[in-house]
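Chemist: turn this into a model:
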Amino acid sequence: MIPDPPGSEAALPAAPTAEPSDRSAALERALEALSQLADDPSVPRNIRRGAQTAHDRVARSRAELDVRIAGAVSALDELANAPNLPSHGRTALWSILSSLESLP
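Modeler: Got it, this is the predicted structure:
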């Protein structure tokens, strides 16, 4: 492989950054989905409790957003493997996980 001549480094594309309003709107949607899952009576109590715990971790404003999201994702990931989780709850959980993991 032939190296590029000096000064001809290809510029890497900038990582996409979400507007603060887009990011906060996505975060609000994830929090709302967590609240709905936590209040769903058709979901077992341990799952509702875990969803509320994840909601509280994300909503806590003392820590950095990345740390809050990582804590919530960890809690939700454990719940996703629960054998007593109904299929609609699992789908909702995966959707919430996806939205949290996609936040920049």
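
Chemist: contacts, neighbours, all on C-alpha from now
Modeler: Will do.

Chemist: counting neighbours, what do you get for Ala25?
Modeler: 12 (other Cα atoms under 10 Å).

Chemist: show the pLDDT at it.
Modeler: On the pLDDT scale, Ala25 is placed at 89.

Chemist: now do Gly7
Modeler: 56.

Chemist: next: Asp22.
Modeler: 83.

Chemist: what's the helix ranked longest in the chain in contact with?
Modeler: The longest helix of the chain (DSSP state H) is helix 20-39. Residues outside helix 20-39 that contact it (Cα atoms under 8 Å, 6 or more residues apart in numbering) are 43, 47-52, 54-55, 58-59, 89, 92-93, 96, 99-100, 103-104.

Chemist: just checking the distance from it to the centre of its chain.
Modeler: Distance of helix 20-39 from the chain centroid (Cα atoms, centre = their mean, to the nearest Å) equals 9 Å.

Chemist: after that helix, which helix or strand is next?
Modeler: helix 45-59 (DSSP states H and E).

Chemist: elements contacting that following helix?
Modeler: Other elements packing on helix 45-59 under the criterion 3 or more Cα pairs under 8 Å, 6 or more residues apart in numbering; DSSP states H and E are helix 20-39, helix 65-80.

Chemist: tilt between the longest one and helix 45-59?
Modeler: Taking axes from the mean of the first three to the mean of the last three Cα atoms, to 10 degrees, one finds helix 20-39 and helix 45-59 inclined to each other by 160 degrees.

Chemist: then the shortest one?
Modeler: Using the same axes, to 10 degrees, the interaxial angle of helix 65-80 with respect to helix 45-59 works out to 170 degrees.

Chemist: which elements pack onto helix 65-80?
Modeler: Using 3+ Cα pairs under 8 Å, 6+ apart: helix 65-80 touches helix 45-59, helix 87-101.

Chemist: turn those into a markdown table, including distance to Ala70.
Modeler: Output for those, formatted as a markdown table (distance: least, Cα to Cα, whole Å):
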| stretch | distance to Ala70 |
| --- | --- |
| helix 45-59 | 9 |
| helix 87-101 | 8 |
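
Chemist: which of those is buried the deepest?
Modeler: Highest mean neighbour count of the helices and strands packed on helix 65-80: helix 45-59, a mean of 20 (counted as mean count of other Cα atoms under 10 Å).

Chemist: right, I'll call it a day here.
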